[in-house]
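# Okay, sequence plus prediction incoming.
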Amino acid sequence: MSRFLNLTVAAVALVSWLGCSETNDNAPSATSAGSGGSSGDGGNVNGGNGANSSGVGGAGGVGAGVGGVGAGDANPCQVSADLDAFITDRMTEDNIPGLAAGIVTDKGLVWAKGYGMANIAASIPVDENTFFALMSISKMVTAAGVMQQVEAGKLDLKVDINTYFSGVTVKPNIAFQIDNPNASGTITLEHLLSHTSGIAGDDYGLLQHNIKYTDAEVEPLGEMLASFLHPQGGYYDGGNNYSNNAPGTDFMYSSIGISLGAYAAEVVLKTGFDELTQKSIFDRLGMVNTSWRLSPFDNKQDQLAVMYNPINGGSTLEAIETFTFAEYPAGTIRSNVPELARFLAAIINGGTYGNQQILKPASVAAMEEPPFPDATNGNAYGLGMFVAGEDLRAHGGDDAGAATDMAYNRKTKKGVIVLSNVTRRVNNDVIYQRMLTESEMCP
């Protein structure tokens, strides 16, 4: 899901990958950016992307440590001999500047590699440790964080959400309560985490108001939510911000809705949801550099992928100024493959990674199933994740300058992570599907 923003353009680069060196798994291959041609959206661009990997040995296999992968991770996975060529060719065809991919099991990360460029202007390649904006993959983390508070008895999935907001006042003197003027019924956390609350689906033009470029500019979560959902709010429009559907009757993908669920945790715990999950998920799993906020990356810009948006039919990439937004529980996490793999491994393994349990197996099982199976509107969705098949569970992320995918098979206990720094192209999906196939060949 994407807002496709009209963001500040930091730089514009005509991108043509000039030549493709044979992959050297011990050092980045030489990759250049210069002027060159492609015709039409997704047309072929001359040359090819280099495959970049540090600390990775063998033909796509994982060497000792995998560039920082910890002792709790699993044994290496041998991927197909043509995988590097497949990925770099697909990136070239669609002008995808940079991409990192990983294969994960219930034990941890078993393969990871980077391709292309994290920063074209500075000639910084992507490796498996490059940080990317995850966008809506963040929603799975948000659901896990809320479920932790359900387990602790602080929240209840089936209680009226307004129970948690009794007596809460936000600027400018708004008594915070949620009421759909178009439909009756009680909204619960279960509705909010499954996008069936009756709050309208994302209006990306309206959500433009939440875009900021520093953490200091970001409006507090409660104030932002009141501005959209309360009659006294500056962006309130009962006819557009709420649907005509009673809770539990229809799927409408809502970043505002899932952020409201996170806000309930903020209110009850009297702590920002970002701080809560930093301690209860990121710190516990050893995701030491992962963050909802921009400021932790102020001194790590060389490790953070620049975001690019294709223009001129896809032949040109414009660099986008790094941004964040007020509905942060819906999509502002920045992480890399090795750190995100720890979270995914925990989910695959019923809530535990190594010796750290972040959720009980019953909570993960609840997340995996649609609580309102008749309210799918063509999209089967559990709590914070899509039901993409009988056993496949997934979430993608999309915005200007980012296309991400994370999925796992709950039966085979294999999963994948694919992160890129470009507005989604057709071949992002092609590479993701190939990685799913590769994951099932791992032991």
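Looks like it arrived, so ask away.
# What segments of the stretch 51-200 of the chain are strands?
With DSSP state E, counting those that start in this stretch, the ranges of strands along the stretch 51-200 of the chain come out as 51-52, 98-105, 108-119, 124-125, 132-133, 169-170, 174-175.
# quick one, helices of the stretch 1-150 of the chain?
Taking DSSP state H, counting those that start in this stretch to define them, one finds helices in the stretch 1-150 of the chain at 83-94, 138-151.
# Can I get the ones you listed in JSON lines including mean pLDDT?
As requested, those are arranged in JSON lines below (pLDDT from 0 to 100):
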{"stretch": "helix 83-94", "mean pLDDT": "97"}
{"stretch": "helix 138-151", "mean pLDDT": "98"}
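# winner for burial among the ones you listed?
Between the helices of the stretch 1-150 of the chain, helix 138-151 has the highest mean count of neighbours, a mean of 24, where neighbours are mean count of other CB atoms under 10 Å. All C-beta spots, glycine's among them, are computed from the backbone N, C-alpha and C.
# Mind giving me the packing neighbours of it?
Counting by 3 or more CB pairs under 8 Å, 6 or more residues apart in numbering; DSSP states H and E, the packing neighbours recorded for helix 138-151 are helix 189-193, helix 255-269, helix 273-277, helix 337-348, helix 361-367, strand 392-399.
# Dump these to TSV, plus mean neighbour count.
As requested, the helices and strands packed on helix 138-151 are arranged in TSV below (neighbours: other CB atoms under 10 Å):
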stretch	mean neighbour count
helix 189-193	27
helix 255-269	25
helix 273-277	20
helix 337-348	27
helix 361-367	18
strand 392-399	22
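# In a markdown table, list those along with mean pLDDT.
Formatted as a markdown table, the helices and strands packed on helix 138-151 follow (pLDDT from 0 to 100):
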| stretch | mean pLDDT |
| --- | --- |
| helix 189-193 | 98 |
| helix 255-269 | 98 |
| helix 273-277 | 98 |
| helix 337-348 | 98 |
| helix 361-367 | 98 |
| strand 392-399 | 97 |
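# what would those look like in CSV with distance to Asp215?
Listed next are the helices and strands packed on helix 138-151 as CSV, based on distance: least, CB to CB, whole Å:
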stretch, distance to Asp215
helix 189-193, 25
helix 255-269, 16
helix 273-277, 10
helix 337-348, 20
helix 361-367, 29
strand 392-399, 18
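# re the thing from before, need the helices of the stretch 1-150 of the chain in JSON lines with distance to Gly313, can you?
JSON lines is the format used below for those (distance: least, CB to CB, whole Å):
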{"stretch": "helix 83-94", "distance to Gly313": "12"}
{"stretch": "helix 138-151", "distance to Gly313": "31"}
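# Out of the ones you listed, which is closest to Pro371?
Each of the helices of the stretch 1-150 of the chain was scored for nearness to Pro371 using CB to CB, and the closest is helix 138-151 (11.6 Å).
# For the closest one, give me every contacting residue.
Residues lying outside helix 138-151 but in contact with it, judged by CB atoms under 8 Å, 6 or more residues apart in numbering, are 155-157, 189, 193, 255, 258-259, 261-262, 264-265, 268-269, 273, 276-277, 280-281, 292, 328-333, 343, 347, 358-360, 363, 366-367, 383-385, 395, 397, 406.
# give me that answer again for 6 Å
155, 157, 193, 258, 261-262, 265, 277, 280, 329-331, 333, 359-360, 363, 367, 383-385, 395 (CB atoms under 6 Å, 6 or more residues apart in numbering).
# quick one on the thing from earlier: mind telling me which of the strands of the stretch 51-200 of the chain the model trusts least?
Taking each of the strands of the stretch 51-200 of the chain in turn, the lowest mean pLDDT turns up on strand 51-52, with a mean of 44.
# Count the residues that sit near Gly153.
Under the neighbour criterion other CB atoms under 10 Å, Gly153 is assigned a count of 7.
# How much space separates it from Phe176?
Applying CB to CB, to the nearest Å, the value for Gly153 to Phe176 is 23 Å.
# Just the pLDDT for Ser53.
Model confidence at Ser53, expressed as pLDDT, equals 37.
# With Ala375 instead?
On pLDDT, Ala375 comes in at 89.
# any idea whether it is helix, strand or coil?
coil (DSSP: H, G, I helix; E, B strand; the rest coil).
# Looks like it contacts Phe251 (just checking).
Yes: judged on CB atoms under 6 Å, Ala375 makes contact with Phe251 at a distance of 5.5 Å.
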